[in-house]
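Colleague: Give me coordinates for this.
(2 chains)
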Amino acid sequence: MTTPLLSLSGVHTHVGRYHILHGVDLVVPVGGVTMLLGRNGAGKTSTLRTIMGLWRASAGSVTLAGEDVTQAATPAIARSGLAYVPENMGIFADLTVRENLVLAARSGEIDADRLKWVFGLFPALEKFFSLAAGALSGGQKQMLAIARAIIEPRRLYLVDEPTKGLAPAIVANMIAAFRELKASGATILLVEQNFAAARALGDTVAVMDDGRIVHAGAMAELADDAELQHRLLGLSLAKHQ
Amino acid sequence: MIDFKQIDWVPPGLIVGMALIALPLVGDPAAWLTLTVAALAMGMMIFVMSSGLTLVFGLMDVINFGHGVFISIGAYVALLVFVPLAAWGAADSLTLNLALVGLAILVSMTATGALGYAFEQVVIRPVYGQHLKQILITTGGLIVVEQLIHALWGANPIPLRLPETLRGSFLIGDAAVERFRVFAIVLGLAVFAAMYIGLNRTRIGLLIRAGVENREMVEALGYDIRKIFIGVFVAGSALAGLGGVLWALYRQILVASMGMEMMVLIFIAIIIGGLGSVGGCFAGSILLALLANYTGFLVPKLALVSNILLMLAILVWRPQGLYPVARR
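Modeller: Numbering: from 1, shown residues only, chains lettered A, B, ... in the order given. The predicted structure is shown next:
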């Protein structure tokens, strides 16, 4: 069996006096999209923040390609090859689109071919390249957040609810972009509430509830089992198509 | 290239508008010019002293009540240059005079930068994210360093003579414009230009601007915000030292509390400018000084509260300051 790219074992996280994660076990294989699903407050965002070291795990371990990064600082985790798109997008509103992307390029220079590829995924960014990011629409900001994560190849992309609050046309654009990223061989851990988007993109899935993983398996299996969806997520796929 | 279309021109318009409105109210163009130049010089000094503090607050939410002591230290350390090289200052040579001031600035900035590094490591580091403790411990640090000044230089005020060619005035028509004030304006503009270029045209500047907005995201991109902050704290302390030299030359008398006395004006300047905004701090400092001078001339009693009134008016109009920094 190949070593998973990322694995969490019995991870507990406390934020202040609140116990948020209660022993999360999660495996992200190399290549493809792993969906992290669950109701609001299930612990999905907390899991991503713990992986990034933004909240420190109080117990358990986080391993990246066999290396223990549980107690590593956020910058070191990022430099080990993780790209992170937070739920609030984390756009630098006072900086231009170009400056937002330049910051994500470790060498300080954006690779011209990669930029062209990103513009192909999100043409609006080329149009507003020199504009302050704060002037972009919500959908364009989300495009920028994702573009910033993928402006250089990374080992693992952590993306938190990229379709949240977006118009259907933009959601379709996002799904197409993630498909192309996936086709390039990337590994993505994607938190999503939009089940249609999850079904369209996911290879494997983990479902969270109350700070734990309560189901893990193939996405196709969950997508085909309405009863399982209802039990785990409180929804019926048919209603979301 | 600077994209002028993306600049908010309202605050600069406010500065020009205030000066133009004051012209007919003052009546005498010579008096108006003298008042305006004096205010611009004062504004530049406030800006130099406060620009580091606004970045320190913007980047790490650190409230440093001890900032004023770097101004005093800057002024006193300059004595180490001004006293032994007094002959350079007494010479009627612009080159020698500027070399003296330049050397004093260099030594003061080095000393206050080094003190800033020690202050960050010993005083600030243990209280990240704890505003109340920051206020208490930085005030404590301020008292300790101020007493150190008394111990090293004595408690009596120390006179400082302006270098010869910076003394006196230029006569423009009927208006007398003090030479030192012109020097302070030129130096303040140079500092602003250097900061503007540094923040907008360099990678470290880009990181500082990004960190002021959202430091967590800067870390998630792989940058150690702590190291950036230490650099900014050191630079901010060095700038306070530069401000201290200018303030000492302006007052021509040194007391240990001279930096502390500026802290109210400095806090007002960074609040009305928008916490974390260097451009806002620049505009705020000039507005503050202009209003103080015009009201001091026109309605002297109002001058006592003009700073507070200006702050109130601006915060009612723009609650986040003249140039609000987008915060996560």
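Colleague: tell me the pLDDT at residue A:165?
Modeller: With respect to pLDDT, residue A:165 scores 88.
Colleague: pLDDT on the helix or strand residue B:31 falls within, on average?
Modeller: Using DSSP states H and E, the element containing residue B:31 is helix B:29-60. The pLDDT scores in helix B:29-60 average 94.
Colleague: How about stretch A:102-120?
Modeller: 94.
Colleague: can you check stretch A:74-93 too?
Modeller: 96.
Colleague: re the thing from before, what residues sit buried inside the helix or strand following the helix holding residue B:31?
Modeller: Scanning forward in sequence from helix B:29-60 by DSSP H and E, the next helix or strand is helix B:67-82. By neighbour count on 16 or more other CB atoms under 10 Å in any protein chain shown, the buried set for helix B:67-82 is B:67-79, B:81-82. C-betas here are computed from N, CA, C, even on glycine.
Colleague: overlap between those and the residues near chain A?
Modeller: By CB under 8 Å from any CB of the partner chain, no member of those lies near chain A.
Colleague: Can you tell me which of those residues is nearest chain A?
Modeller: residue B:67 (23.8 Å; CB to the nearest CB).
Colleague: Find the residue closest to the closest one in space, skipping its chain neighbours.
Modeller: residue B:53 (4.8 Å; CB to CB, 6 or more residues apart in numbering or on different chains).
Colleague: swap in residue B:170?
Modeller: residue B:177 (4.8 Å).
Colleague: right, and that neighbour touches residue B:33 too?
Modeller: Yes: Residue B:177 lies in contact with residue B:33 (CB atoms under 8 Å); the separation is 6.8 Å.
Colleague: Report the buried residues of the helix ranked longest in chain A.
Modeller: Longest helix of chain A, by residue count under DSSP state H: helix A:168-183. Under the neighbour-count criterion of 16+ other CB under 10 Å, helix A:168-183 has A:170-171, A:173-175, A:177-178, A:181-182 buried.
Colleague: can you check stretch B:239-252 too?
Modeller: Within stretch B:239-252, the residues scored as buried using 16+ other CB under 10 Å are B:239-250.
Colleague: where's residue B:205, which helix or strand?
Modeller: For residue B:205, the host element (DSSP H and E) is helix B:203-213.
Colleague: Tell me what angle that helix forms with helix B:29-60.
Modeller: Orientation of helix B:203-213 against helix B:29-60 (axes from the mean of the first three to the mean of the last three CA atoms, to 10 degrees) gives an angle of 80 degrees.
Colleague: quick check, distance from stretch B:246-258 to the centre of its chain.
Modeller: Put simply, stretch B:246-258 sits 14 Å off its chain's centre (CA atoms, centre = their mean, to the nearest Å).
Colleague: Also stretch B:13-26?
Modeller: Distance, centroid of stretch B:13-26 to centroid of chain: 23 Å (CA atoms, centre = their mean).
Colleague: next SSE after the strand or helix carrying residue A:221?
Modeller: Assigned by DSSP H and E, residue A:221 falls within helix A:219-223. With elements assigned by DSSP H and E, the helix or strand that comes after helix A:219-223 is helix A:226-233.
Colleague: From the contact counts, what lies against that next one?
Modeller: If you count contacts as 3 or more CB pairs under 8 Å, 6 or more residues apart in numbering or on different chains; DSSP states H and E, helix A:226-233 packs onto strand A:32-38, strand A:204-209, strand A:212-218, helix A:219-223.
Colleague: Mind checking the pLDDT average for it?
Modeller: Mean predicted confidence for helix A:226-233 is 83.
Colleague: Give me the buried positions along it.
Modeller: By 16+ other CB under 10 Å, the buried positions in helix A:226-233 come out as A:228-229, A:232-233.
Colleague: Contact residues of chain B facing chain A?
Modeller: So far as CB under 8 Å from any CB goes, chain B lies against chain A at B:3, B:6, B:203, B:206-207, B:209-210, B:213-214, B:216-225, B:325-326, B:328.
Colleague: ok, now which ones touch residue B:58?
Modeller: B:212, B:275-277, B:325 (CB atoms under 8 Å, 6 or more residues apart in numbering or on different chains).
Colleague: Model confidence score at residue A:238, please.
Modeller: pLDDT for residue A:238: 48.
Colleague: can you pull the buried residues of stretch A:61-80?
Modeller: Applying 16+ other CB under 10 Å to stretch A:61-80 flags A:62-64, A:69-70, A:72, A:74-75, A:77-78, A:80 as buried.
Colleague: could I get these as TSV with secondary structure and distance to residue B:265?
Modeller: What follows is the buried residues of stretch A:61-80, written out as TSV (DSSP: H, G, I helix; E, B strand; the rest coil; distance: CB to CB, whole Å):
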residue	secondary structure	distance to residue B:265
A:62	strand	49
A:63	strand	54
A:64	strand	50
A:69	coil	47
A:70	coil	48
A:72	coil	44
A:74	helix	38
A:75	helix	37
A:77	helix	43
A:78	helix	40
A:80	coil	47
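Colleague: what's the farthest-apart pair in those?
Modeller: A:63 and A:75 (18.7 Å; CB to CB).
Colleague: contacting residues for the most centrally placed residue in chain B?
Modeller: Most central in chain B under CA atoms, centre = their mean is residue B:49, positioned 2.1 Å from the mean C-alpha point. Under the criterion of CB under 8 Å, 6+ apart, the neighbours of residue B:49 are B:71, B:239-240, B:243-244, B:247, B:259, B:262, B:266.
Colleague: Please determine how far it is located from chain A.
Modeller: Taking CB to the nearest CB, to the nearest Å as the measure, residue B:49 falls 24 Å from chain A.
Colleague: and that residue, how far is that from residue B:15?
Modeller: Distance of residue B:49 to residue B:15, computed by CB to CB, to the nearest Å: 19 Å.
Colleague: what's the domain layout of chain A?
Modeller: Domain segmentation of chain A under automatic domain parsing yields A:6-81+A:154-240, A:91-153.
Colleague: follow-up on the earlier one: list the helices and strands the helix holding residue B:205 packs on?
Modeller: helix A:97-104, helix B:29-60, helix B:179-201, helix B:215-220, helix B:225-251.
Colleague: I'd like the ones you listed as a markdown table, with distance to residue A:162 appended.
Modeller: A markdown table is the format used below for the helices and strands packed on helix B:203-213 (distance: least, CB to CB, whole Å):
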| stretch | distance to residue A:162 |
| --- | --- |
| helix A:97-104 | 16 |
| helix B:29-60 | 28 |
| helix B:179-201 | 30 |
| helix B:215-220 | 15 |
| helix B:225-251 | 25 |
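Colleague: that older thread, reformat the contacts of residue B:49 into CSV and put pLDDT next to each item.
Modeller: Supplementary listing: the contacts of residue B:49 in CSV, determined by pLDDT from 0 to 100:
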residue, pLDDT
B:71, 97
B:239, 97
B:240, 97
B:243, 97
B:244, 97
B:247, 97
B:259, 95
B:262, 95
B:266, 96
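Colleague: quick one, what contacts residue B:10?
Modeller: Residue B:10 makes contacts with residue B:322, as judged by CB under 8 Å, 6+ apart.
Colleague: Could you tell me how many residues sit around the closest residue to residue B:326 other than its chain neighbours?
Modeller: Using CB to CB, 6+ apart and skipping residues adjacent in sequence, the residue nearest residue B:326 is residue A:93, 3.7 Å away. Residue A:93 has 18 neighbouring residues, counting by other CB atoms under 10 Å in any protein chain shown.
Colleague: Now residue A:54: closest residue in space, sequence neighbours ignored.
Modeller: Distances taken as CB to CB, 6+ apart put residue A:74 closest to residue A:54, at 5.7 Å, once the chain neighbours are dropped.
Colleague: contacting residues around that neighbour?
Modeller: Residue A:74 neighbours (CB under 8 Å, 6+ apart): A:52-54, B:216, B:219-220.
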